[in-house]
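A.B. asks: take this sequence and fold it.
(chains A and B)
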Amino acid sequence: MKRNMKQAAWRIIIGASLMAGGTSLAVAHHSYSAFEMAQLKTVTGTIKKFDWTNPHTWIWIDVVNDKGVTETWGIEGMSPNYLARRGWTRTTLKPGDKISVTLHPLKTGENGGTWVDAKRPDGESLMMGGAITDP
Amino acid sequence: MKSARRIRFAFLAAVVACGTVAVGQKVARKAPTAEDWTALAKLPDFTGVWEVGLGGGGGGRAGGRGAPPAAPAANGPAANGPAAAAPAGRAGRAGGAGRAGGPSLTPAYAAKAKEQPAGPPPEENLTANCLPPGMPGIMGQPYPMEFLMTPGQVTIVIEAYNQIRHIYTDGRPLPEDPDPTFYGTSVGHWEGDTLVAETVGFAQVPRGITFPYSDKMKIVERFHLTAPDTMSIETTIVDPEALTMPYSMPARTLARHRNWTIAEYICEENNRNFVDANGKAGVKLANPNASAR
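C.D. replies: A predicted model of the protein is given here:
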């Protein structure tokens, strides 16, 4: 349900940017052409490190692959400036936390991607594009 | 003796000439008086921290309060919308003349737009390398801006990329031959409750305009409050060489967030994105321990 809402929101924004004509809509920092935006992948593992940094947060997760080998995944998220106004803090993700992150993978095939959403083992959903919590 | 005097005269003349040029570029600021501060208090109060509504152009929900997750916000693909992120001088889909609601290009600039590579709109933007977007793109970032008002000046502190714009309202004219810069040089005046800012002198950098433009381009912004905590910014691009008529961008609507402060945004802190010399985007994953905080 949440995913559908998110996709609908994207459609609205894309439409708005088309209507904007000769000028572009806000682009925060970069295009997403380094990522396979049509693909979704979910990785489950343990938070190794959470970079609360600009221009993007980075979530580093240790994931045990199907050969039993631990690989570190790097996942790009929104900036701390953006997230701090939407309920996140620098300790929302702590080393050792278990998490499943859905991402758009890097086109290079490296262990990385851009954050779509995530779930904790208790089912709590972690969105990056939620409503402003600090009006 | 005579020639020495002539040389001295020539030297003096040169000094005076240089001085005139220097004065032409700079305006001496007089110390504000109590009357200046009183006059300022009668203007509409733009001070405080504002954020553009999601949807950018359309005057969507101010501030995005309660809005669904949106593209630039949600780390999702809409930030990569077709009209977005076109480097300056390359035409996006809106680059042709005569498109309803789009810019109407002169024949010469329509030809320039056609010369640009066909196919999908350019996606890459040097902001990935931490170069800030210029005007008017910087005014549409999904980050807040703080307006400061002092006698003779409105200052806009832009959180994205830690940028600052200065709009001089002390009556000085626009510079005749400004150095081209990311944000240009701005002067402003008040028309009733509306601040009208005019900006000239743009370098060819990515600035959120998807049609080719000339060095004669002028950006006119009209700032006014439509409600106590709602601001509208109407932006019109005038370019006698590139456009057959002024091109008005969809108005931007900003919401004032009275308990927000501007945060630091150091793009170089932990930037793992890049665009290489061929315009290809990539991500550097190596060395996860490199981040500054």
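
A.B. asks: may I have the secondary structure class of B:Met139?
C.D. replies: Assigned by DSSP: H, G, I helix; E, B strand; the rest coil, the conformation of B:Met139 is helix.

A.B. asks: so what's it scoring on pLDDT?
C.D. replies: For B:Met139, the pLDDT comes out at 95.

A.B. asks: residues touching it, list them.
C.D. replies: B:52, B:145, B:158, B:221, B:233, B:235, B:252 (CB atoms under 8 Å, 6 or more residues apart in numbering or on different chains). (Each C-beta comes from the backbone N, C-alpha and C, glycine too.)

A.B. asks: which residues sit in contact with the first one?
C.D. replies: So the one you mean is B:Val52. A:26, B:139-142, B:252-254 are the contacts of B:Val52 under CB under 8 Å, 6+ apart.

A.B. asks: quick one: low-confidence parts of the chain?
C.D. replies: Since you didn't name a chain, this refers to chain A. Low-confidence segments of chain A, defined by pLDDT under 70: A:1-28, A:135.

A.B. asks: can you look at chain B instead?
C.D. replies: B:1-25, B:54-100, B:117-124, B:292-293.

A.B. asks: apart from its chain neighbours, what residue comes closest to the residue nearest to the spatial centre of it?
C.D. replies: In chain B, the centroid-proximal residue (CA atoms, centre = their mean) is B:Met135; its distance is 2.1 Å. Closest residue to B:Met135 apart from its sequence neighbours, by CB to CB, 6 or more residues apart in numbering or on different chains: B:Tyr183 at 4.8 Å.

A.B. asks: could you pull out the helices in chain A for me?
C.D. replies: Along chain A, the stretches classed as helices by DSSP state H are A:2-19, A:80-84.

A.B. asks: for chain B, same thing?
C.D. replies: B:2-25, B:34-41, B:71-74, B:107-115.

A.B. asks: what is the neighbour count of the residue of the stretch 151-293 of chain B found nearest chain A?
C.D. replies: Closest contact between the stretch 151-293 of chain B and chain A, by CB to the nearest CB, is at B:Asn270 (3.7 Å). Counted with other CB atoms under 10 Å in any protein chain shown, residues neighbouring B:Asn270 total 18.

A.B. asks: and the residue lying closest to it once chain neighbours are set aside, how close does it get to B:Ala290?
C.D. replies: Spatially, and ignoring its direct neighbours in sequence, B:Asn270 is nearest to A:Thr53 (3.7 Å; CB to CB, 6+ apart). Here A:Thr53 is placed at a distance of 10 Å from B:Ala290 (CB to CB, to the nearest Å).

A.B. asks: the more surrounded of those two?
C.D. replies: A:Thr53 (20 against 12).

A.B. asks: hang on, isn't the more buried one packed against B:Glu269?
C.D. replies: Yes. Under the contact definition of CB atoms under 8 Å, A:Thr53 touches B:Glu269, with a separation of 5.0 Å.

A.B. asks: list the beta-bridge partners for the closest residue to A:Val101 other than its chain neighbours.
C.D. replies: Once flanking residues are discounted, A:Val101 sits nearest to A:Ala118: 4.3 Å by CB to CB, 6+ apart. Note on A:Ala118: beta-bridge partners A:Val101, A:Leu126, judged by DSSP bridges.

A.B. asks: distance check, A:Ala118 against B:Lys26.
C.D. replies: A:Ala118 is 54 Å from B:Lys26, by CB to CB.

A.B. asks: same question for A:Val64.
C.D. replies: 65 Å.

A.B. asks: what about the residue of chain A found nearest chain B, how many residues close to it?
C.D. replies: Closest residue of chain A to chain B, CB to the nearest CB: A:Gly129 (2.6 Å). Residues lying near A:Gly129 (other CB under 10 Å) number 28.

A.B. asks: next one: A:Asp62
C.D. replies: 16.

A.B. asks: same thing with B:Gly48?
C.D. replies: 18.

A.B. asks: so what sits opposite it in the bridge?
C.D. replies: Going by DSSP bridges, B:Gly48 forms beta bridges with B:Phe147.

A.B. asks: enumerate every residue touching it.
C.D. replies: B:Gly48 neighbours (CB under 8 Å, 6+ apart): B:146-147, B:256-258.

A.B. asks: buried among these? Need that as a selection in PyMOL.
C.D. replies: The buried subset of the contacts of B:Gly48, as determined by 16 or more other CB atoms under 10 Å in any protein chain shown, is captured in PyMOL by this line:
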select buried, chain B and resi 146+147+256+257
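
A.B. asks: which one of the contacts of B:Gly48 is nearest to B:Trp190?
C.D. replies: B:Phe147 (14.0 Å; CB to CB).

A.B. asks: wait, that closest one sits on B:Leu43?
C.D. replies: No. Using CB under 8 Å, B:Phe147 makes no contact with B:Leu43, being 11.3 Å away.

A.B. asks: ok, now which ones touch the most centrally placed residue in chain A?
C.D. replies: Centroid-nearest residue in chain A: A:Trp115, 1.7 Å away (criterion: CA atoms, centre = their mean). Residues near A:Trp115 by CB under 8 Å, 6+ apart: A:59, A:75-78, A:101, A:103, A:128, B:75.

A.B. asks: if we go to 6 Å?
C.D. replies: The neighbours of A:Trp115, taking CB atoms under 6 Å, 6 or more residues apart in numbering or on different chains as the test, are A:75, A:77, A:103, A:128, B:75.
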